[in-house]
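> show me how the following folds:
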Amino acid sequence: MAIALIDANSFYCSAELLFQPWLRNKPIVVASNNDGCVVSRNDSAKALGIKMGQPVFELRVLLARNEVKVFSSNYELYQSLSNRLMAILEELTPGKLSINSIDEAFANLSGVPDPEVWGRYVRNEIQRRLGLPVGIGISSTKTQAKLANWAAKRWKAKTGCVVDLRDRIRLEKLLRYAPVGEVWGIGPRLNKRLADEFGITTAWQLASADPKLLRRRFSATVERTARELQGIACFPFADGSPERKQMILCSRSFGEKVFVLEQLERAVATFTAHAAVKLRQQASLANCLQVLARTSLFSPVDPFSGSRVIALPYPTDDTRDLVQAAIGGLRAFYLSGPAYVKAGVVLSQFVERGVTTGDLFAPKPRSNSEPLMGVMDAINAKHGRGTVRFGRENAEGSWAMRRELLSPEYTTSWQGLPRARCGSGKVSLLGDLGI
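Next up, the predicted model:
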């Protein structure tokens, strides 16, 4: 079976460049929540030595000296473009498509006569229809396809951003060259352990290692990764439906410090509502909720961190039940005085909707909860998150995420549509539509 991994190149940066193409040959980066760390870089920024995860404040001199354009994360724009990208892939993939993240997906190419030709066609179609550059790696296992994708992006001019590793000679050549840290699932810590304990520094050495020894010294996942590099499929190919999570976390650092309980309650309510939407999307009900909040770890006074675990009276996905439990838990540990910088909620102990057995002695669940939540989710999906919300929620509070370098919502808001100048006057696309 042939498997392809389709992955957008520097997705966040590419999304910004779609609407500001004059920056295409200039270095640009996208910052994380509260404009904290670098989470995406284009090739020009990488050439300057900017690393993933570097704090933006540490790079101020370098950014100014090299005129690097910095963007705040525009999650609405990125999700909109991701939806369009996946829709194109669904259309062009003859077999199953398994979405792996916001900017990448695995495609089952069983029955495709020439997967490399398919890959080049798909890449050109995505570029033509959406304007996003993608890399495509093809091989017989997911891990090999990931490595092929890495090679496609590393040698763009030579490969045309498409690499087929089903040929054993090409596969061995790449495995001997690729650092083990570029293998899917091998992070920095594991990379160091492999080098220190076994002298494994390349993908070839990992593939040649004793799988049983890898399992004993590291984990079953490392063993499966090594077998996948050998061409033995160990990670199943899922269908396009999202994998059911066993835990949902929604946590944020605040744009400004929070000193008042009411503001903290609004933040927790908003995070709980976001988690509830994710819970309903996978048709699960939660039996347990944990709420947490903390001050800065670098506070001049004693740092404070509080949390409370709440057993819910019955399995629920109703935002009202979850918010009520979260606020109650927050009030139980809240300490007046400290400046809070982060809060969040964790939903856990899930059961599948429709397969639960009611408790005779538990309180009765709210009536008409499922249709009400369904209507709210449908409205917010169509008109934007937060269009309909409960009174405690407030996405625009002083605690909200700081995004001072945010680009417009080009694809999800009428006010974000690009504007064009014509002669001395200003012509708006909104004006052309009579809005």
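> for C288, name its beta-bridge partners.
A311, S348 (DSSP bridges).
> count of residues packed around it?
The criterion is other CB atoms under 10 Å. On that basis, C288 has 16 neighbouring residues. C-betas here are computed from N, CA, C, even on glycine.
> that one: what's it in contact with?
C288 sits next to 309-312, 347-349 when contact means CB atoms under 8 Å, 6 or more residues apart in numbering.
> per-residue confidence at it?
In this model, C288 is scored at 93, pLDDT.
> do the same with the one 3 residues further on
At V291 the predicted local distance difference test score is 94.
> look up how far T272 lies from it.
Remark: distance between V291 and T272 (CB to CB, to the nearest Å) = 8 Å.
> find residues that contact each of the two.
Taking CB under 8 Å, 6+ apart as the contact criterion, the common neighbours of V291 and T272 are 326, 345.
> so which of the contacts of C288 is the closest to F19?
When these are ranked by distance to F19 (CB to CB), L347 comes first, at 35.5 Å.
> of all the contacts of C288, which two lie farthest apart?
Taking CB to CB, the two most distant members of the contacts of C288 are A311 and L347; they sit 12.4 Å apart.
> neighbour count: those two, which is higher?
Between A311 and L347, counted using other CB under 10 Å, L347 has the larger neighbour count: 27 against 9.
> I figured the more buried one hits L285, correct?
No. Contact criterion CB atoms under 8 Å: L347 and L285 do not qualify, at 9.6 Å.
> overlap in contacts of the two?
With contacts taken as CB under 8 Å, 6+ apart, L347 and L285 have L279 as neighbours in common.
> and stretch 205-218, how far out from the chain middle?
Between the centre of stretch 205-218 and the centre of its host chain there is 30 Å, according to CA atoms, centre = their mean, to the nearest Å.
> go on, stretch 168-188?
Relative to the mean C-alpha coordinate of its chain, stretch 168-188 is positioned 24 Å out (CA atoms, centre = their mean).
> how about it: buried residues?
Neighbour counts using 16 or more other CB atoms under 10 Å place 171, 174-175, 178, 180-184, 186 of stretch 168-188 among the buried residues.
> CA atoms only: put stretch 210-229 into PDB for me.
Only the C-alpha atoms of stretch 210-229 are listed here, as PDB (Å, rounded to 0.1, in the frame of the first residue of the first chain):
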ATOM      1  CA  ASP A 210      17.300  -4.400  17.600                       C
ATOM      2  CA  PRO A 211      13.500  -3.600  18.000                       C
ATOM      3  CA  LYS A 212      13.100  -5.700  21.200                       C
ATOM      4  CA  LEU A 213      16.000  -3.800  22.800                       C
ATOM      5  CA  LEU A 214      14.500  -0.500  21.700                       C
ATOM      6  CA  ARG A 215      11.200  -1.500  23.300                       C
ATOM      7  CA  ARG A 216      12.900  -2.600  26.500                       C
ATOM      8  CA  ARG A 217      15.100   0.500  26.900                       C
ATOM      9  CA  PHE A 218      12.700   3.100  25.600                       C
ATOM     10  CA  SER A 219       9.100   2.300  24.700                       C
ATOM     11  CA  ALA A 220       6.800   0.300  22.400                       C
ATOM     12  CA  THR A 221       6.400   3.400  20.200                       C
ATOM     13  CA  VAL A 222      10.100   3.600  19.500                       C
ATOM     14  CA  GLU A 223      10.100   0.000  18.600                       C
ATOM     15  CA  ARG A 224       7.200   0.500  16.200                       C
ATOM     16  CA  THR A 225       9.000   3.600  14.700                       C
ATOM     17  CA  ALA A 226      12.100   1.500  13.900                       C
ATOM     18  CA  ARG A 227       9.900  -1.200  12.300                       C
ATOM     19  CA  GLU A 228       8.100   1.400  10.200                       C
ATOM     20  CA  LEU A 229      11.400   2.600   8.900                       C
END
